[in-house]
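> here is my input, please return the structure:
(one chain, ligands or ions: 1)
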Amino acid sequence: MDLLSVLIQKNVLDQEKAAALRSRAATESRPVETFIIEENILDEETLFQYKGEALNIPIRNVKGEDIPGSVLDLIPEESAKYYSMVPLKEEKGKLEIGMVYPEDVKAREALQFLARQGNFSYAIVLISPKTFDALMRRKRDAKQEVEQALEELQEDIAKEKKNVPSTAELSRLVEEAPITKMVAVVLRNAVEGKASDIHIEPTKKDLRVRFRFMGQLHASLVLPLKAHAAIVARVKILADMRIDETRIPQGGRFSTTIEGKAIDFRVSTLPTAMGEKVVIRVLDPETGLKDFEQLGLEGVALEKIKEAAKAPYGLLFATGPTGSGKTTTLYAVLRSLNKTNVNIVSLEDPVEYVIQGVNQSQVQPEIGYDFAQGLREILRQDPDIIMVGEVRDAETASLAIHAALTGHLVLSTLHTNNAIGIIPRLVDMGVDRYLLPATLSAGLAQRLVRRLCEECKEEVKPKKAIQGLLDREVASLPEYVRKEMEPQIARGTIFEPKGCDACGTTGYAGRIGVFEVLVMTEELAGIILEKPSEHEIQKEAERQNMLNMRQDGIKKVLEGITTIEEVLRATAENQ
Ligand SMILES: [Zn+2]
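From the prediction side, this is the model:
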């Protein structure tokens, strides 16, 4: 139903008046709402209540909400103004868009275009013109702050005569307000915009600051090249790095409070032909910690992990080489268990993300506080759930088993090639295998593959050789997966990277895990007690319908999430 019909129904207008308004709106090509407000037929608030009813779109008031400038900026200013629409909230790549005229087809089309370009999905809510104006004012204020800092910085730099300041000059320079303020503004913008990384890079002409946001790099600020040395020095001082050393890469970290949240930043510098490039990883606990879907853990594997995590006690191992994302997965499990009625204690090396409500402790082997010692201490802290960074020796392994046997849920990591290898590895470490069926509840292995850029990925008919590979891998999938994937298999196409501005011409944006999950069953218990060889465990895994990492990857190839090359590369040593 349209707005005028609702107003007639509510006895606000009669047929005649409605018709007059309708024709006036058409001739003056202005929305009918403006006349209703101008003629004081209804106040804006009531009118938009009725409009919400007419369109069946919820109306949203943003009073008292703090919407960061970086969220407001997710739709370019011109489009925002022209179509009267503005982002209100960003959550996991989904935007809530406030629109004054959601019935406007052109506005909807523009929004669809922006969503494709910016790789986001969205939900529309109705906002009143007043709300829209207030938000546009807020957007301008946020922008002004950056501009002001930039202006001060430029004035300050104009005073400096030399291009390359001495170390003493640098130290003085970074103490001065404009540089300090500029760096603070950059950090805050990154956190508010939920950027994962900040790149500060000198080019021939200027100093570029780019943010990685939703997996992609976005140009954010262009600063005068003269600010380079001082900005790098400021970051280095924060991270306790040497400012007089510019020829070798350095690493460091610092933490600061932004908007009441403690945020860690990990800094690395790299000498390039143009000078030092700085990359700052933003370890914001809210964005760095991913949920299961974002990790790529899904289907049967996810259900098995959730099941294992629900058990009041037991051992849950994640395995894989360094950088395979296993710790991130354990964090996700930990967060899914994080309730006020449980005591969670972790032992980590190092503590990467601070999780509210979890007692995180960092091991310090140099003073004898290692995983084994820490685990012994933790057990006196009345924990329900324990996370141990890694089990790498017999003592820690036996303590972890003991903790599980005495009613604790223990999460940890191991170094093995795959999930099948977890049991032999534990036995190798001297764990009494008769204890394993009662304690080990699940083992997960994973690798990371690059995710295709959604903007530019290309659907292709695979070449003959690739088709052959794909056919072979598809044939190895369990029956139920082949059934599930029937439409994708029948389609006969896969996706290839192309490269666009959004993904920095790489064709890829971010990474996703490929997983395999083995769980304890009566059958597996029997194998462990009799003869825990990899061959026997493998057979049981197949009986459990376990997808191995490669098979999970092939599923993601069919789904167009990644490429077959990525999957074959990441899982090469497991086949
Ligand atoms: Zn792309």
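> can you pull out the strands in the stretch 401-550 of the chain?
For the stretch 401-550 of the chain, the strands defined by DSSP state E, counting those that start in this stretch cover 409-414, 440-452, 458-460, 494-496, 508-519.
> same thing with the stretch 1-150 of the chain?
Under DSSP E, counting those that start in this stretch, the stretch 1-150 of the chain gives strands at 85-91, 94-99, 121-126.
> in the last one, what's buried?
By neighbour count, and taking 16 or more other C-beta atoms under 10 Å as the criterion, the buried residues in strand 121-126 are 122, 124-126. All C-beta spots, glycine's among them, are computed from the backbone N, C-alpha and C.
> now render the residues you listed as CSV, adding pLDDT and distance to the ion.
Below are the buried residues of strand 121-126 laid out as CSV (pLDDT from 0 to 100; distance: C-beta to the ion, whole Å):
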residue, pLDDT, distance to the ion
Tyr122, 89, 20
Ile124, 92, 26
Val125, 94, 30
Leu126, 94, 33
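> what sits against Glu459?
493-495, 560 (C-beta atoms under 8 Å, 6 or more residues apart in numbering).
> for the residue of the stretch 1-150 of the chain found nearest the ion, phi and psi?
Closest to the ion within the stretch 1-150 of the chain is Asn119: 8.9 Å, counting by C-beta to the ion. Main-chain torsions, Asn119, degrees, to the nearest 10: phi 60, psi 50.
> okay, now the residue lying closest to it once chain neighbours are set aside: neighbour count?
Nearest non-adjacent residue to Asn119, counting by C-beta to C-beta, 6 or more residues apart in numbering: Glu454, 5.2 Å away. Glu454 sits with 17 neighbouring residues when counted by other C-beta atoms under 10 Å.
> returning to that earlier point: from Val125, how far out is the residue of the stretch 1-150 of the chain closest to the ion?
Remark: distance between Asn119 and Val125 (C-beta to C-beta, to the nearest Å) = 21 Å.
> before we move on, back to that, would you list the phi and psi of the residue nearest to Asn119?
Taking degrees, to the nearest 10 as the convention, Glu454 sits at phi -70, psi -20.
> now Ile378
The phi/psi pair for Ile378 (degrees, to the nearest 10) is phi -60, psi -40.
> who touches it in this structure?
Counted by C-beta under 8 Å, 6+ apart, Ile378 has contacts 345, 347, 361, 386.
> in what helix or strand does the second one lie?
Assigning secondary structure by DSSP states H and E places Leu347 in strand 344-348.
> neighbouring strands for that strand, and are they parallel or not?
strand 358-362 (parallel), strand 385-388 (parallel) (DSSP bridges).
> wait, isn't the residue of the stretch 1-150 of the chain closest to the ion in contact with Ala509?
Yes - the pair Asn119 / Ala509 is scored as a contact, 7.3 Å apart, by C-beta atoms under 8 Å.
> so for those two, which residue has more residues nearby?
Legend: neighbour count by other C-beta under 10 Å for Asn119 and Ala509, higher for Ala509 (24 against 18).
> would you tell me what the next helix or strand after the worst-scoring helix or strand of the chain on mean pLDDT is?
The helix or strand of the chain with the poorest confidence is helix 285-288; it has a mean of 57 (mean pLDDT, DSSP states H and E). Proceeding C-terminally, helix 285-288 gives way to helix 292-295 as the next helix or strand, assigned by DSSP H and E.
> and the average pLDDT for the helix or strand following that next one is what?
Helices and strands here follow DSSP H and E; after helix 292-295, the next one along the chain is helix 299-310. Taken as a whole, helix 299-310 has a mean pLDDT of 91.
> and helix 299-310, what does it pack onto?
strand 314-319, helix 326-337, strand 440-452, strand 508-519 (3 or more C-beta pairs under 8 Å, 6 or more residues apart in numbering; DSSP states H and E).
> I would like the residues contacting the first one, please.
Going back to what we said before, that points to strand 314-319. By C-beta under 8 Å, 6+ apart, strand 314-319 touches 305, 308-309, 326-327, 329-330, 333, 391, 400-401, 404, 409-416, 418-419, 421-422, 439-446.
> reformat the strands of the stretch 1-150 of the chain as TSV; add distance to Glu44.
Converted to TSV, the strands of the stretch 1-150 of the chain look like this (distance: least, C-beta to C-beta, whole Å):
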stretch	distance to Glu44
strand 85-91	17
strand 94-99	15
strand 121-126	12
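> from the contacts of Glu459, which single one is nearest the ion?
So of the contacts of Glu459, ranked by how close each gets to the ion (C-beta to the ion), first place is Phe495, at 11.6 Å.
> the closest one and Thr563 touch, don't they?
Yes - the pair Phe495 / Thr563 is scored as a contact, 6.8 Å apart, by C-beta under 8 Å.
> spell out which residues are contacts of both of these two.
By C-beta under 8 Å, 6+ apart, the residues touching both Phe495 and Thr563 are 452, 557.
> for those two, indicate the residue with more neighbours.
Neighbours were counted for Phe495 and for Thr563 using other C-beta under 10 Å; Thr563 has more, 24 against 21.
> need the pLDDT of the more buried one.
So, for Thr563, pLDDT stands at 95.
> picking that back up, how about the contacts of Ile378, which pair is most distant?
Maximum pairwise distance in the contacts of Ile378, criterion C-beta to C-beta, is 10.6 Å, between Ser361 and Ile386.
> so where's the chain shaky on pLDDT?
142-143, 146, 153-177, 213-216, 284-289, 504, 574-575 (pLDDT under 70).
> now do 50
161-162 (pLDDT under 50).
> those residues of it touching the ion, which are they?
Counting by C-beta under 5 Å from the ion, the chain comes close to the ion at 453, 455-456, 500, 502-503.
> dump those residues into CSV; add neighbour count as well.
Written out in CSV, the entries for these read as follows (neighbours: other C-beta atoms under 10 Å):
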residue, neighbour count
Cys453, 24
Glu455, 18
Cys456, 19
Cys500, 17
Ala502, 20
Cys503, 25
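> in helices only, show me those residues.
Residues of the residues of the chain next to the ion located in helices (DSSP state H): none.
> same list (those) but as CSV, adding distance to Asp471.
Formatted as CSV, those follow (distance: C-beta to C-beta, whole Å):
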residue, distance to Asp471
Cys453, 26
Glu455, 29
Cys456, 26
Cys500, 30
Ala502, 32
Cys503, 29
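> and Asn545, how many neighbours?
12.
> over to Pro76?
12.
> what's the answer for Leu187, then?
With other C-beta under 10 Å as criterion, Leu187 counts 21.
> tell me which helix or strand comes right after the helix or strand hosting it.
Element membership for Leu187, per DSSP H and E: helix 177-192. Moving toward the C-terminus from helix 177-192, the next helix or strand (DSSP H and E) is strand 197-202.
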